[in-house]
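In: Show me how the following folds:
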Amino acid sequence: MSADDHLNIHPITDACHGEETLTIFNASDMGSLFGVGFKSLAYVSAKKRGIVPLASDDPENPLMERGLDFEDAARKRVARKYPAWQITKCNDHYVADRIGAKPDNLVIDPAREGVGVLELKVTAEPIHRREWLDDTPPLKYLLQLSTQMMLVPDCTWGAIGELVVGPFTYETNVYIVERNRSAEIRLRTAVAEFWQTFDAGGEPAIDFERDGALIALMFPHEVPGKVVDLSSDNAIGDLLQRRDILKDTEKDVVKRLKECENEIKAKLGDAESALVPGWRVTLKTQHRKGYTVEPSSFRVLRTTRHEQETAS
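Out: Next up is the predicted model:
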């Protein structure tokens, strides 16, 4: 018996996918479950609770838009590289055990049994060099593809087609991935544990490096007159002291940066550019259109250190 024989897989339409998003764990978020996604797991959880609107400032949206713009070009280039493949754009979402996936494409390869899944990614050249190490896709994409392969009926293999966008050229890479049944069991177990915690009202730990926007959405307004007692919190004093030090460091760095830039500008004088080995340096006039700042409200953190009382 295969690892997915017991899965009750069913496709759903685009029309109901928005509602299903709140009750399923999407393949594109699988990386967040293992700490390697575009979004933190706390962000994913907050989205499913409605704290974060579905179409809000999702950190993945600009990348998704770029990917959609280049998707047809990526598909054509993969087809050119593998002319025997029959590539069909996938319009279905597949759901089982509160896990969901919408592959970019389904593939029939005459040399292989079963159906293949082709996921397309568009990558800037510097990102490719930094993240696609040892000729291997990033883990977040492999987890997404593994989830898709697990949910697509009769799927036996998958591939990630990468369109690398350089300054003047495109490069196409295709990475073939075989199904890993033991890894799929781990994926299903991790998602089941997420939903168990979620349904019980628990929340993933907040990632303080990445979740600033989420914290602002969770607590957009203060309760007038409310005071929280942190006198027994052992960490808050260290945090406040660290913030003071970092604020002082920030002021010093900004001051030194400005001094450095002023010295560079003085060296260029009224020149538009400078010849510097290993650098491209310009000092051109930039024109900015006038605009009106819309009214907004946000909470501001201010801290003041009390003077220490000393005994006489």
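In: Which parts of the stretch 201-312 of the chain are strands?
Out: Taking DSSP state E, counting those that start in this stretch, the strands of the stretch 201-312 of the chain run over residues 273-276, 279-282.
In: Compute the number of surrounding residues for residue 82.
Out: 17 (other Cβ atoms under 10 Å). Bear in mind the C-beta positions are built from the backbone N, C-alpha and C, glycine included.
In: what residues are up against it?
Out: Residue 82 makes contacts with 109, 174, as judged by Cβ atoms under 8 Å, 6 or more residues apart in numbering.
In: Could you tell me the phi and psi values at it?
Out: Torsion angles at residue 82 (phi, psi; degrees, to the nearest 10) stand at phi -130, psi 80.
In: so where's this structure uncertain?
Out: Along the chain, segments meeting pLDDT under 70 span 1-21, 54-64, 66-67, 299, 303, 307-312.
In: thinking again about what came up before, out of the strands of the stretch 201-312 of the chain, which one sits most buried?
Out: strand 273-276 (a mean of 11; mean count of other Cβ atoms under 10 Å).
In: helices or strands up against that one?
Out: strand 279-282 (3 or more Cβ pairs under 8 Å, 6 or more residues apart in numbering; DSSP states H and E).
In: follow-up on the earlier one: put together CSV for the strands of the stretch 201-312 of the chain, with distance to residue 223 on each row.
Out: Output for the strands of the stretch 201-312 of the chain, formatted as CSV (distance: least, Cβ to Cβ, whole Å):
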stretch, distance to residue 223
strand 273-276, 55
strand 279-282, 51
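In: what's the closest of those to residue 69?
Out: Nearest of the strands of the stretch 201-312 of the chain to residue 69, taken as Cβ to Cβ: strand 279-282 at 27.8 Å.
In: what does that closest one contact?
Out: 264, 268, 272-274.
In: 6 Å instead?
Out: 273-274 (Cβ atoms under 6 Å, 6 or more residues apart in numbering).
In: closest to residue 101 out of the strands of the stretch 201-312 of the chain?
Out: The closest of the strands of the stretch 201-312 of the chain to residue 101 is strand 279-282. By Cβ to Cβ, the value is 43.9 Å.
In: Take the closest one, keep the C-alpha atoms, and write them as PDB.
Out: Only the C-alpha atoms of strand 279-282 are listed here, as PDB (Å, rounded to 0.1, in the frame of the first residue of the first chain):
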ATOM      1  CA  TRP A 279      32.900  51.000  -8.800                       C
ATOM      2  CA  ARG A 280      30.200  52.800 -10.800                       C
ATOM      3  CA  VAL A 281      29.700  56.200  -9.200                       C
ATOM      4  CA  THR A 282      27.200  58.900 -10.300                       C
END
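In: Sheet partners, orientation included, of it?
Out: Looking at strand 279-282 with DSSP bridges, its partner strands are strand 273-276 (antiparallel).
In: For the strand it pairs with, which outside residues touch it?
Out: Contacts of strand 273-276 (Cβ under 6 Å, 6+ apart): 268, 281-282.
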